[in-house]
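[1] need a structure here:
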Amino acid sequence: MNQVVLMGRLTRDPELTYNNTTGNAMTRFSIAVDRRLSREKKQEMESRNQPTADFINCVCWGRLAESVNNFTAKGKRVMVEGRIQTGSYEAQDGTRRYTTDVVVSNVEFIDWKDRDNSFQNQRPQNSQNGNSYSQNSQRQNFPQNKEAEAVSDADFFGDDFNPVDDDRIPF
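    From the prediction side, this is the model:
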């Protein structure tokens with residue numbers, strides 16, 4: 001199975017391009033993923049100018065590519081899910097170059113850009129064009145007045161309900 005989940009910070013702003021023939025959107029970005037190191041090991045590596053993070057190249061397509069470009073920027077945290085894809089090409093100097101990318105299928109924005117282009121650690125209510133990005137098509141609406149819409153177990157099972165030894169619970 002080829003599946004990867006990574007969480008890190010963007011090392012540069014996403015680069016959005018469109019295919020000339022199909023018009024399909026593509027975004028390239030890279031994320032810095034910290035290695036899990038002890039404090040002592042991290043200090044030791046930093047003192048020797050060795051990296052304490054891995055820099056992972058990512059690519060995504062379509063509406064997801066546009067969303068990544070619209071809702072995040074350099075330094076902001078994201079969690080990506082996708083698959084690893086390797087490839088190769090011949091460089092202009094005739095040498096063979098090898099590539100490794102994560103082809104992203106899902107992105108969770110940990111730090112979000114709000115309407116005035118500043119960032120927050122929460123989902124935006126609206127983006128500039130009135131559409132908010134959601135990987136799931138359904139939004140869950142929570143009641144504004146919690147006291148007026150509070151529901152208890154007794155409402156479903158009756159006043160004699162005891163969750164410890166009641167056989168009306170299916171598990």
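
[2] any weak-confidence spans in this structure?
    Low-confidence segments of the chain, defined by pLDDT under 70, are located at 112-171.

[3] would you map the strands across it?
    4-10, 15-18, 25-34, 53-61, 77-90, 96-109, 112-113, 119-120 (DSSP state E).

[4] got the ones you listed as TSV, with distance to Glu44 and mean neighbour count columns?
    C-beta here means a position set from N, CA and C on the backbone, and glycine is covered the same way. Rendered in TSV, the data for the strands of the chain read as follows (distance: least, CB to CB, whole Å; neighbours: other CB atoms under 10 Å):
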stretch	distance to Glu44	mean neighbour count
strand 4-10	22	16
strand 15-18	35	13
strand 25-34	15	19
strand 53-61	15	17
strand 77-90	26	14
strand 96-109	27	15
strand 112-113	35	18
strand 119-120	33	13
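
[5] save these as TSV, and put in distance to Phe71 too.
    Rendered in TSV, the data for the strands of the chain read as follows (distance: least, CB to CB, whole Å):
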stretch	distance to Phe71
strand 4-10	11
strand 15-18	12
strand 25-34	11
strand 53-61	12
strand 77-90	9
strand 96-109	5
strand 112-113	5
strand 119-120	10
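
[6] what about those strands, which gets the closest to Lys41?
    Taking CB to CB, strand 25-34 is the member of these nearest to Lys41, at 12.2 Å.

[7] for the nearest residue to Ala73 once chain neighbours are set aside, give me phi and psi.
    Once its chain neighbours are removed from consideration, Ala73 has its nearest residue in Asp13; the separation is 5.2 Å (CB to CB, 6 or more residues apart in numbering). Dihedral pair for Asp13: phi -60, psi 140, per degrees, to the nearest 10.
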